[in-house]
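Trainee: What follows is a protein structure lacking sequence information:
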């Protein structure tokens with residue numbers, strides 16, 4: 001096979017043995033001049049090509065504008081009136097849009113169009129009035145044709161310059177063909193937060209020396225013994241549950257029994273198959289089941305068992321599991337049925353545990369605020385206002401001479417506003433007027449809300465009692481038991 005050396009013809013050398021210089025000019029100066037001449041011509045060609053491309057782009061913006069102006073002038077809504085309005089708008093409200101060049105005093109597109117229209121008008125304004133419109137249309141048509149011919153010439157010049165540029169190999173044509181680099185493997189993703197990781201057990205052979213003593217019992221007695229182990233201290237601490245990572249949260253949202261979808265997600269996110277991921281999904285399933293999100297809870301169980309199966313199959317467990325599930329869909333269903341039964345059984349057990357936990361939580365006694373009179377013989381009554389104070393409020397009876405009417409009116413207004421701010425069940429209980437009914441509503445409230453309600457009842461004068469205070473019996477039973485035990 002003959003070798004092809006034609007590509008070396010594109011090399012442009014500044015030094016060649018065939019070049020004959022002047023006897024009075026040294027060879028080095030001649031080489032430097034020729035090298036400078038090559039670089040100057042190359043740079044001038046680049047500048048010329050860039051200028052031609054810029055001019056072609058400018059003509060590409062001007063040509064559609066001229067065509068639109070020509071179409072509007074030739075329509076029924078056009079004419080010289082539109083022409084004059086257009087010229088006036090371009091003179092008074094020109095657009096700042098201009099070609100993207102760094103040239104100084106670069107004219108805008110509107111300025112170029114305005115200059116062309118003024119040239120057309122200069123050639124038509126000396127004609128009779130009935131011939132001016134036709135002359136304007138003819139002048140615009142002439143400029144459109146000239147612009148099209150000039151653009152074609154520019155495109156031909158660009159093609160010639162680029163062909164000339166490609167004739168020679170330059171440093172700009174150098175590119176990287178093949179490269180070999182070492183890319184280190186990505187580190188394994190970290191485990192899930194608060195995950196339980198079993199430390200690998202290592203068997204280490206130790207050499208021991210036994211000594212024979214005369215009194216082994218005394219020797220064992222003197223040996224220190226500790227009944228507290230470090231593990232017992234750790235067990236007393238509150239164990240934190242593993243939490244879902246953002247990737248695991250997205251993984252738990254995938255559809256049930258869509259093995260290909262889960263496989264693609266695991267391939268794209270390596271931090272899904274990490275220690276503690278299965279436990280974090282089971283914790284999320286239990287919480288979702290407790291909140292009534294049954295569909296999401298089953299999805300979490302499904303994805304948790306999926307990761308457990310992959311982990312039990314060994315180092316290549318992900319590929320083996322999904323290969324089994326995906327290939328058995330159209331054939332033997334044994335592999336799928338085992339996994340499906342495991343998911344259904346685990347979810348049923350989790351559902352039972354969530355219900356039991358909810359029952360245990362509801363059985364815990366809730367802290368309540370209850371009203372109890374200080375004196376067992378006294379009673380607590382409620383003075384419920386019927387409405388806001390009337391406009392013609394009058395103070396009658398003994399002891400009212402020193403009272404200010406406006407202060408009384410404000411107090412009555414405040415009591416009515418406080419009563420109106422209470423919830424409907426509390427207002428109904430206050431209207432009934434019994435202490436048991438009010439305590440029943442207060443017991444259903446949070447402690448902070450109930451305390452605020454009691455304070456408002458006392459401040460507004462809706463609640464009245466004999467001793468002027470409320471006795472808190474919280475923990476009295478415990479105190480009585482302590483006293484009996486002390487006796």
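Mentor: Cool, the structure landed. What you are looking at is a predicted structure, and each value in this text was computed from that prediction instead of being measured.

Trainee: tally of neighbours for the residue nearest to residue 368 when sequence neighbours are not counted?
Mentor: Setting aside the residues directly before and after it, residue 368 is nearest to residue 443 in space (C-beta to C-beta, 6 or more residues apart in numbering), at 4.3 Å. Where C-beta positions appear, they are placed from N, C-alpha and C, glycine not excepted. Applying other C-beta atoms under 10 Å, we find 13 residues neighbouring residue 443.

Trainee: gap between residue 443 and residue 451?
Mentor: 13 Å (C-beta to C-beta, to the nearest Å).

Trainee: list the residues that contact both of these two?
Mentor: residue 369 (C-beta atoms under 8 Å, 6 or more residues apart in numbering).

Trainee: Hmm, residue 273 and residue 192 touching each other?
Mentor: No - when contacts are counted by C-beta atoms under 8 Å, residue 192 is not listed as touching residue 273 (10.9 Å).

Trainee: Pretty sure the residue nearest to residue 368 sits against residue 367.
Mentor: No - using C-beta under 8 Å, residue 443 is not in contact with residue 367, being 9.7 Å away.

Trainee: what pLDDT does residue 17 get?
Mentor: pLDDT for residue 17: 54.

Trainee: same check, this time on the one 10 residues further on
Mentor: What the model reports as pLDDT for residue 27 is 77.

Trainee: likewise residue 242?
Mentor: 80.

Trainee: Same check on residue 355?
Mentor: 85.

Trainee: cool, residue 246 as well?
Mentor: pLDDT at residue 246 comes out at 85.

Trainee: what about it, neighbour count?
Mentor: Residue 246: 9 neighbours (other C-beta under 10 Å).

Trainee: Kindly report the same for residue 372.
Mentor: So residue 372, with other C-beta under 10 Å, has 15 neighbours.

Trainee: Residue 379 versus that one, what's the distance?
Mentor: 11 Å.

Trainee: For the stretch 351-487 of the chain, give me the ranges with low pLDDT.
Mentor: Within the stretch 351-487 of the chain, the stretches with pLDDT under 70 are 361-366, 375-377, 392-404, 465-487.

Trainee: ok, 50 please
Mentor: 468-481, 483-487 (pLDDT under 50).

Trainee: can you map out the strands along it?
Mentor: 381-382, 463-464 (DSSP state E, counting those that start in this stretch).

Trainee: how about the ones you listed in CSV, adding distance to residue 342 and mean neighbour count?
Mentor: Converted to CSV, the strands of the stretch 351-487 of the chain look like this (distance: least, C-beta to C-beta, whole Å; neighbours: other C-beta atoms under 10 Å):
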stretch, distance to residue 342, mean neighbour count
strand 381-382, 61, 16
strand 463-464, 61, 16
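
Trainee: For residue 161, find the nearest of the ones you listed.
Mentor: Closest to residue 161 of the strands of the stretch 351-487 of the chain, according to C-beta to C-beta: strand 463-464, at 98.6 Å.

Trainee: about what we covered before: please give me every residue in contact with the residue nearest to residue 368.
Mentor: Contact analysis of residue 443 by C-beta under 8 Å, 6+ apart lists 366, 368, 369, 370, 450.

Trainee: State the number of residues packed around the third one.
Mentor: Spelled out, that is residue 369. 20.

Trainee: so how far is residue 457 from it?
Mentor: 11 Å.

Trainee: Look through this structure and tell me its longest helix.
Mentor: helix 27-74 (DSSP state H).

Trainee: now it, how far from the centre of its chain.
Mentor: 47 Å (C-alpha atoms, centre = their mean, to the nearest Å).

Trainee: now for it, which elements pack on it?
Mentor: helix 80-92, helix 109-124, helix 129-166 (3 or more C-beta pairs under 8 Å, 6 or more residues apart in numbering; DSSP states H and E).

Trainee: what's the nearest residue to residue 54 if we skip its chain neighbours?
Mentor: Residue 54 sits nearest to residue 101 (C-beta to C-beta, 6+ apart), 5.8 Å away.

Trainee: The closest residue to residue 435 other than its chain neighbours - how many residues pack around it?
Mentor: Nearest in space to residue 435, with sequence neighbours left out and distances taken as C-beta to C-beta, 6+ apart, is residue 380 at 5.3 Å. Neighbour count for residue 380, taken as other C-beta under 10 Å: 18.

Trainee: Ok, residue 120 next?
Mentor: Using other C-beta under 10 Å: residue 120 sits among 20 other residues.
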